[in-house]
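Enquirer: Fold the stuff below for me.
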Amino acid sequence: MTKKRLPRISIVTPSLNQGVFLEQTICSILDQGYPNLDYIIVDGGSNDNSKNIIQKYEKHLSFWCSEPDAGHYDAINKGFSKATGDIFAWLNSDDMYCPWALRTVASIFNQIHEVNWLTTLSPLFWDSEGYCYGAGSIPGYSKRAYLNGLNLPWDGPWTIQQESTFWRRSVWDNAGGLNLQYQLAADFDLWGRFFMQTELYGLNSPLAGFRAHRNQRSHQEENYRKEARRSLAETRMKMGWTEKMCLPLQSNDRRNRYIRKLISIKNGLTARKNVGKNINRVVLENENIWHVNEVVYRDAT
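Expert: Numbering: from 1, shown residues only. Model prediction:
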């Protein structure tokens, strides 16, 4: 695939005092050698070694700044306001992409025009030293599953991994960016506004991983869950969602995940759209084409 055929991908990395991880994050992007990259780093005025690290790589950046901002999600909105790409994503300054992520995503968006946003079905998890200590397995995503609460972090069985999610610029523009009234769950809220426009497609290949370590925002679990439930309630109201079997928004009940998956088959994934390749055609016929595999379940009765 030549540079002319590669879509421009804009990646925003927001950061604040993450110098211990920042260089690994930057290298996970730049080392892929993607030739049509628009990489932006928005630092919130760090007082560690972050600025020195950013300056080390500034010739590879389209834009960077180090100045006070209104928080994590404000930094991301600021970064995307500078973006020039066709495909958008953000990667936090402690997370990392897989080496094949950008070319894989570019290939899919180029070949399948119906795909407007995409994520992995095999999310990875890094430890504080950058080793992969686990991988998830998700059957698929759908608007109905989202509205039924099946993608609520900590409450539902299938979280949409932000690190592995990419979308077309038009979807971001139509959504209006991140809603800053949500200090923690603005990512989950954004997914709801994406679902208002189009379905989410899943890919079996891992694309990125979330890094687990001390002192990260995701440790504020209960506050995140409250914001996510509030966002989901608002999204349901906007979409006129009246499904009878929704996972309760006010419940702290952590039911067995196996039971939740049984519920989801009846009440969430009436259909899912996944992207993949036919291995026999790849090997025997040298066919390098992505296909959409739509699985339809019998509706709940």
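Enquirer: can you give me the strands in the stretch 201-301 of the chain?
Expert: 201-203, 208-211, 271-276, 291-296 (DSSP state E, counting those that start in this stretch).
Enquirer: In the third one, which residues are buried?
Expert: Put plainly, it is strand 271-276. Across strand 271-276, burial judged by 16 or more other CB atoms under 10 Å covers 272-275. Where C-beta positions appear, they are placed from N, C-alpha and C, glycine not excepted.
Enquirer: could those be laid out in CSV, adding distance to Arg168?
Expert: Formatted as CSV, the buried residues of strand 271-276 follow (distance: CB to CB, whole Å):
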residue, distance to Arg168
Arg272, 20
Lys273, 15
Asn274, 18
Val275, 14
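Enquirer: which one among these gets closest to Lys56?
Expert: Set against Lys56, the nearest of the buried residues of strand 271-276 by CB to CB is Val275 (35.7 Å).
Enquirer: Give me the distance between Ser122 and Arg272.
Expert: Per CB to CB, to the nearest Å, Ser122 is found 15 Å from Arg272.
Enquirer: Can you lay out the buried residues of strand 271-276 as TSV showing pLDDT and distance to His113?
Expert: Output for the buried residues of strand 271-276, formatted as TSV (pLDDT from 0 to 100; distance: CB to CB, whole Å):
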residue	pLDDT	distance to His113
Arg272	76	19
Lys273	84	14
Asn274	88	17
Val275	89	12
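Enquirer: Return stretch 105-117 as PDB; C-alpha atoms alone will do.
Expert: C-alpha atoms of stretch 105-117 as PDB (Å, rounded to 0.1, in the frame of the first residue of the first chain):
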ATOM      1  CA  VAL A 105      -6.700   0.100  10.700                       C
ATOM      2  CA  ALA A 106      -5.800   2.100   7.600                       C
ATOM      3  CA  SER A 107      -6.300  -1.000   5.400                       C
ATOM      4  CA  ILE A 108      -9.800  -1.700   6.800                       C
ATOM      5  CA  PHE A 109     -11.000   1.900   6.500                       C
ATOM      6  CA  ASN A 110      -9.700   2.100   3.000                       C
ATOM      7  CA  GLN A 111     -11.300  -1.200   1.900                       C
ATOM      8  CA  ILE A 112     -14.700  -1.100   3.700                       C
ATOM      9  CA  HIS A 113     -16.400   2.300   3.400                       C
ATOM     10  CA  GLU A 114     -19.300   1.300   5.600                       C
ATOM     11  CA  VAL A 115     -17.000   1.100   8.600                       C
ATOM     12  CA  ASN A 116     -17.100   4.400  10.400                       C
ATOM     13  CA  TRP A 117     -15.600   3.300  13.700                       C
END
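Enquirer: How far does that stretch sit from its chain's centre?
Expert: On the basis of CA atoms, centre = their mean, to the nearest Å, stretch 105-117 sits 15 Å off its chain's mean C-alpha point.
Enquirer: hmm, back to that, closest to Lys59 out of the buried residues of strand 271-276?
Expert: Of all the buried residues of strand 271-276, Val275 has the smallest distance to Lys59: 34.1 Å, by CB to CB.
Enquirer: related to what we said a few turns ago, got TSV for the strands of the stretch 201-301 of the chain, with distance to Gln181 too?
Expert: Compiled in TSV, those are given as follows (distance: least, CB to CB, whole Å):
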stretch	distance to Gln181
strand 201-203	28
strand 208-211	24
strand 271-276	31
strand 291-296	35
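Enquirer: which one of these lies closest to Leu102?
Expert: Of all the strands of the stretch 201-301 of the chain, it is strand 208-211 that lies closest to Leu102, at 10.4 Å by CB to CB.
Enquirer: Which stretches in this structure count as helices?
Expert: 19-30, 50-56, 72-81, 101-111, 143-147, 169-175, 186-195, 221-238, 257-267, 279-284 (DSSP state H).
Enquirer: Which among these is found nearest to Gly209?
Expert: Distance to Gly209, taken as CB to CB, is lowest for helix 19-30 among these, at 9.2 Å.
Enquirer: now that closest one: mean pLDDT?
Expert: Per-residue pLDDT over helix 19-30 has a mean of 97.
Enquirer: For Asn223, list the residues it contacts.
Expert: 183-184 (CB atoms under 8 Å, 6 or more residues apart in numbering).
Enquirer: That one and Ser142: what is the separation?
Expert: Going from Asn223 to Ser142 by CB to CB gives 27 Å.
Enquirer: what does Val42 give?
Expert: 32 Å.
Enquirer: out of those two, which sits in the busier spot?
Expert: Val42 (28 against 23; other CB atoms under 10 Å).
Enquirer: didn't that one look like it was pressed against Trp64?
Expert: Yes - assessed by CB atoms under 8 Å, Val42 is found in contact with Trp64 at 7.3 Å.
Enquirer: Number of residues surrounding the spatially closest residue to Ser137 that is not a sequence neighbour?
Expert: Leaving aside its sequence neighbours, Ser137 sits nearest to Ser122 (CB to CB, 6 or more residues apart in numbering; 6.4 Å). By other CB under 10 Å, 17 other residues sit near Ser122.
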